[in-house]
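Student: give the three-dimensional model of this entry:
(chains A, B and C)
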Amino acid sequence: MHLVPNLLAALNFSTLPEQLVNGLLLGAIYALIALGYTMVYGVLRLINFAHGEVYMLGAYVALFASYHLGFGPNSTATSSSLANLLIMLFASMSICALIGVIIERFAYRPMRGQSRIASLITAIGVSLLLQYGGALFLPNSPPPSISENVNPYRGSFVVPLSSPPPSLAIAVKQLGPEAETKNKALQDYLASHPNESEFSLSPAAQPLKDQAQDAQRKLDDAKRELANSGVNITIRNGDVIIFFTSMVLMIVLTYLVRYTKRGRAMRAVSHDFDSAALMGINVNSIITFTFVLGSALAGAGAMMQATFKGTTITTFFGLLPGVKAFVAAVLGGIGNIPGAVLGGLLMGLAETIMVWMGYSRYADAIAFVILILVLLLRPGGLLGSDKVEKV
Amino acid sequence: MSLLKLNEATIRFGGLIAVNKVSFELKKGDLFGLIGPNGAGKTTCFNLITGVYKPTDGQILFDGKDITGTPSNKIANLGISRTFQNIRLFKALSVLENVIVGGFLRNNTGLLSSLAYLPGAINETEEMKQEALRLLDVLNLRQVANVRSADLSYGMQRRLEIARAMATKPKLLLLDEPAAGMNPQEKEELNVMVKKIRDEHGMTVLLIEHDMRFVMSLCENIVVLDHGEEIAQGPPAAIRNDPKVIAAYLGEAV
Amino acid sequence: MFWPKRIGSGIAAIAVCFLIDSITHHSFGSYEQRIIALVGIYVTLAVSLNLINGITGQFSIGHAAFYQVGAYLAGFISRRYITDAGHTPPPVLWLIGMILVAAAGASIAGFIVGLPSLRLKGDYLAIVTLGFGEIIRILVQNTDALGGSYALDKIPKIQEIWLIWLLAFICIAVCRNLLKTARGLTFLAVREDEIASSAMGVNVTRVKVTAFVLGSAFAGAAGALLAHYEGLITPATFTMDVSFIILTMVVLGGTGSITGSVVSAIFLSYLPEYLRTLKGGDGQPLVVSGTAVVAALIVTVLAVAAIKTVLNRHLFTPQKRGLIYVGIIIGAAMLEPLFSLLLHPVPMLANMQVAAAQLRMVIFAVTLIVLMLLRPQGVFAHHEFSWDWVKKILGKGPVPSTEVSA
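Tutor: Presented below is the predicted three-dimensional model:
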């Protein structure tokens, strides 16, 4: 098909590495949110529709924290510190944890004996309540965002991946002086002929302009070729922080789930609710713990997204990331913690690649397509398994 | 005349062989019992016959046709119907309505006729209602025809499942522990009813049961399973004294 | 005797629709007329969703997608054929034609969305239907020929309120007819227990697909009517929230109860308009303070908790229980000003002004949550309106529990 070569020709492969890095960063945030979905589904078999809204509230918490630290809309503070960031992170994580616990206690726990559909509808209700109720009380338009000044680590660095062939650099070097000379000649002429301007030259002077333009054009072309042939990735400091913080949080979570008593209890509950209770596990306390962990991670993700990426915040901004993170959890295998991380990274990559290929308009739709494909073809996800109903 | 024949039917779930080369044959008009200790694979056999599971090996023949692996809703069409070990009634529907659903199989009004509530659909619904009432009479459930099936007593629910299965006008009726949870008098009545089903309605019956006395007094032929394998077959007298059967149920003699 | 009776009731239904239409036109201005039109459309949407969710038990929560397909299909064709190309077909006939086209198109979408229901259950199916809905919405939003994210406009306005309500009547009638026949029972059976249904010979696949196709066809038809009533449609009319609103109507009414869907559709689609008309003391649209809203929410939570405790612990007679509920609600209403007062010191809340109309989605959300906590089977549960039922409430005579009974 002609489509594919044309498609490929339109792609700029030199920007691909940078996009892949962006994809992983986006994926790290999705992974943090996805962990919340997957853990709650694991213990309660409930799709926590409201999780995206917990994420949203985390962003608002970070916003208000930044105001309190002196970086409000009318402030003039320009220097910040690591301490400020840590305070914001702690605030987001802890308040999101609290919100998660409240939602569980008042909306989900009473629904525990009911059908899963009823719980799903309740979750949808909570989600809508937070979105629209929040819209009544929280600043929505114009949508606020966290001031850049809060981040003491602004700036970025460039990682060159491959250097351009030396001939290109030499060409640029060679063409430079000539363009300069020709341009200077033109300017000198114009200076000494005040009645002529660059756009109305006498026929005698026209060649001067032509030559100058020619030389300049050659130089520009050479420069562009140079830029496109070398592959560089620009990484912002904030991105590095996001990635490392996410990794640290996930490692902490893995430790908690694998090596502590509570973590073991969590895994027991996710295997078999009733047996775990019979074994003496305080199921309510474990479920609360699960919500604390999941919501705190979402809060962390929200704080980082809002602070380092400067995203504008509205009460509806958790909806789409929430859905995508949910798909990530399903993709990796819902209930499976490493799966959520894998799924998150893959979703981030998929979305970024869609944008890179020029289909940014459909970047959101890809999440739903992936969701449907996974549920139809391999409902257990990449790291999960299929189940059969017993008659 | 052979009605149902299992020919070395086998099914494996991962590493577990739930049913291992089981063979037995029912003749038309039989009252056949399938017994064995818990976990022997009896319900799994039913599931194989009714198409809930597909056998990994072996064959199942019904009325001369190979039905191995036929999906479950076609099985009913072919003339095999069943009840379930864990009762699966349509809880929100009344007793009568449960039976009507069974009878629906043998109808032929189209969708449009129902949607438009045309005389065809109306009459056929009325017919099915009358037929269902007749079946309820046989199973002694007429007086609770309009009660929500979830509100029935356990014994009545079991009888309702039988009525519903009978409504599909099967040639072979599979009953999965029909007497479970019944008191002795109810079991007596069930015994009579099952014989009546065979005698007056012409259905061959294959049943799974744990109550030995019930099986011995009702069934004319019995097959015994243990750990997925068939260990004995024959009339009740032979089974009662078979050492392998006794060992399977009571353990080896010390 | 059948055909005269049937034709008679058909004529009566059409007459009622014309009656609604003419009363609307004579007594109300165009604003109110539009509300009545929208209410009629929502009735069709709710009842058609109930067919899939409540009657057949397939959790489909992306219903707005079928609505959208019908609206855009009909709108696009009308726009091209009439506005752009300049034809002038007789309006009512054209609209009916467009309704049929929209229904057909939407039913194809319904078929596609229904296919996963053959393999998925419960909340997984719900998410997939939601996903399909969003994909359709995004595709439409990115198709410039359909107006993209702006609007498909210049659709010829053909405003026939009687036709809107006639569609609602037909939808109700079809569902009711189905449930009066044995075939309808098979739909309920699939809802109750698929494995048992299949064992009884019910073609579960066909039942599910039929439900989806029928439900989506009616939703598409409603979409065509919407497009021609407004003359203009945008993707914003068909977001996920609209699906949730229709879902709330079905859930509130009682999954499986056609009567319930109709009543709650009328109630819930009128509610936002009612809120908009509320006037404060100064004749301006009613505005409530933030403290009042939060106080109301807190009081609702307490009332729900109280009712749930009562529900769980004791077995009262229905009359006594009714009295207790009323008591709790009155108590809650009286506590609200108290909480309002307590919250007054919080400056952020006191200064906030909330227009009554903004509370619409919040009320929907609270309705969903409260419903699920207190009465998940909905207000009408599985009951339908029937004269026997009226007799029961008045204490006369026994009642058959469902339609087809001895």
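Student: OK, contacts around the residue nearest the centre of chain C?
Tutor: Taking Cα atoms, centre = their mean, the centroid of chain C lies closest to residue C:46, which sits 2.9 Å from it. For residue C:46, the contacting residues are C:246, C:249, C:250, C:253, C:261, C:262, C:264, C:265, by Cβ atoms under 8 Å, 6 or more residues apart in numbering or on different chains. All C-beta atoms are positioned from the backbone trio N, CA, C, and that covers glycine.
Student: so which helix or strand takes in it?
Tutor: Counting by DSSP states H and E, the element that carries residue C:46 is helix C:30-50.
Student: test my guess that residue C:53 contacts residue C:59.
Tutor: Yes: in this structure, residue C:53 is within contact of residue C:59 by Cβ atoms under 8 Å, at 6.1 Å.
Student: what's in contact with stretch A:231-239?
Tutor: Residues contacting stretch A:231-239 (Cβ under 8 Å, 6+ apart): A:14, A:17-18, A:21, A:25, A:151, A:153-162, A:307-309.
Student: could you rerun that using 7 Å?
Tutor: A:14, A:17-18, A:21, A:25, A:151, A:153-162, A:308 (Cβ atoms under 7 Å, 6 or more residues apart in numbering or on different chains).
Student: ok, and which of these reach chain B?
Tutor: Subset of the contacts of stretch A:231-239 in contact with chain B: empty, counting by Cβ under 7 Å from any Cβ of the partner chain.
Student: narrow these to those that are buried.
Tutor: A:18, A:21, A:25, A:151, A:308 (16 or more other Cβ atoms under 10 Å in any protein chain shown).
Student: so among those, where is pLDDT lowest?
Tutor: Here the lowest pLDDT out of the buried ones among the contacts of stretch A:231-239 sits on residue A:151, with 80.
Student: my guess is that one contacts residue A:306. True?
Tutor: No: when contacts are counted by Cβ atoms under 7 Å, residue A:151 is not listed as touching residue A:306 (10.7 Å).
Student: residue in chain A with the shortest distance to chain C?
Tutor: The minimum distance from chain A to chain C, using Cβ to the nearest Cβ, falls at residue A:125 (3.3 Å).
Student: would you agree that residue is in contact with residue C:368?
Tutor: Yes: Residue A:125 is within contact range of residue C:368, at 3.3 Å (criterion: Cβ under 7 Å).
Student: domains in chain B, by residue range?
Tutor: B:1-79+B:170-254, B:91-168 (automatic domain parsing).
Student: need these in CSV (columns: mean pLDDT).
Tutor: Output for those, formatted as CSV (pLDDT from 0 to 100):
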stretch, mean pLDDT
domain B:1-79+B:170-254, 88
domain B:91-168, 89
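Student: buried deepest among these, which one?
Tutor: domain B:91-168 (a mean of 20; mean count of other Cβ atoms under 10 Å in any protein chain shown).
Student: got the residues of chain C near chain B?
Tutor: C:2, C:174, C:177-178, C:180-186, C:188-189, C:192-193, C:195-196, C:198-204, C:210, C:382, C:400-402, C:404-406.
Student: ranking by neighbours, what's the top pick from the contacts of residue C:46?
Tutor: residue C:261 (35 neighbours; other Cβ atoms under 10 Å in any protein chain shown).
Student: give me the pLDDT for that residue.
Tutor: 92.
Student: residue C:65 versus that one, what's the distance?
Tutor: Separation of residue C:261 from residue C:65 (Cβ to Cβ, to the nearest Å) stands at 19 Å.
Student: and if you look at residue B:187?
Tutor: 54 Å.
Student: ok, now residue B:135?
Tutor: Where residue C:65 is concerned, residue B:135 sits at a distance of 43 Å (Cβ to Cβ).
Student: closest to chain B out of the buried ones among the contacts of stretch A:231-239?
Tutor: residue A:25 (40.8 Å).
Student: host element of the closest one?
Tutor: Per DSSP H and E: helix A:16-44 holds residue A:25.
Student: name the residues of chain B found near chain C, please.
Tutor: Counting by Cβ under 7 Å from any Cβ, the residues of chain B lying close to chain C are B:50, B:72-73, B:76-77, B:82, B:84, B:88, B:90-94, B:96-97, B:100-102, B:104-105, B:107, B:111, B:114-117, B:119, B:121, B:124-125, B:128-129, B:133, B:145-146, B:148, B:164, B:168.
Student: let's see which of those end up in strands.
Tutor: Judged by DSSP state E, strands contain the following of the residues of chain B next to chain C: residue B:82.
Student: do stretch C:268-281 and chain A meet?
Tutor: No: Stretch C:268-281 is not in contact with chain A by Cβ under 7 Å from any Cβ; minimum separation 12.1 Å.
Student: could I have the CA atoms of that stretch written out in CSV?
Tutor: Provided in CSV are the C-alpha atoms of stretch C:268-281 (Å, rounded to 0.1, in the frame of the first residue of the first chain):
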residue,chain,number,x,y,z
LEU,C,268,-34.8,13.9,35.8
SER,C,269,-34.9,15.6,32.5
TYR,C,270,-37.3,18.2,33.8
LEU,C,271,-35.3,18.8,36.9
PRO,C,272,-32.5,20.9,35.5
GLU,C,273,-35.0,23.1,33.7
TYR,C,274,-36.9,23.4,36.9
LEU,C,275,-33.7,24.4,38.7
ARG,C,276,-33.1,27.0,36.1
THR,C,277,-36.5,28.6,36.6
LEU,C,278,-36.1,28.9,40.4
LYS,C,279,-36.0,32.5,41.3
GLY,C,280,-34.6,34.0,44.4
GLY,C,281,-36.2,36.7,46.4
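Student: what comes up buried for that stretch?
Tutor: Taking 16+ other Cβ under 10 Å as the criterion, stretch C:268-281 shows C:268, C:269, C:272, C:273, C:275, C:276 as buried.
Student: the third one: which element?
Tutor: By that I understand residue C:272. In the assignment (DSSP H and E), residue C:272 maps to helix C:258-277.
Student: likewise residue C:206?
Tutor: Applying DSSP H and E, one finds residue C:206 within helix C:204-230.
Student: excluding sequence neighbours, find me the nearest residue to the residue of the stretch 151-254 of chain B found nearest chain A.
Tutor: For the stretch 151-254 of chain B, the residue closest to chain A is residue B:176, as judged by Cβ to the nearest Cβ, at 9.6 Å. Counting by Cβ to Cβ, 6 or more residues apart in numbering or on different chains, residue B:176 lies nearest to residue B:85, which is 4.4 Å off, once chain neighbours are set aside.
Student: and the strand or helix carrying residue A:248, average pLDDT?
Tutor: Per DSSP H and E, residue A:248 falls inside helix A:237-259. Mean per-residue pLDDT for helix A:237-259: 89.
Student: noted, bye for now.
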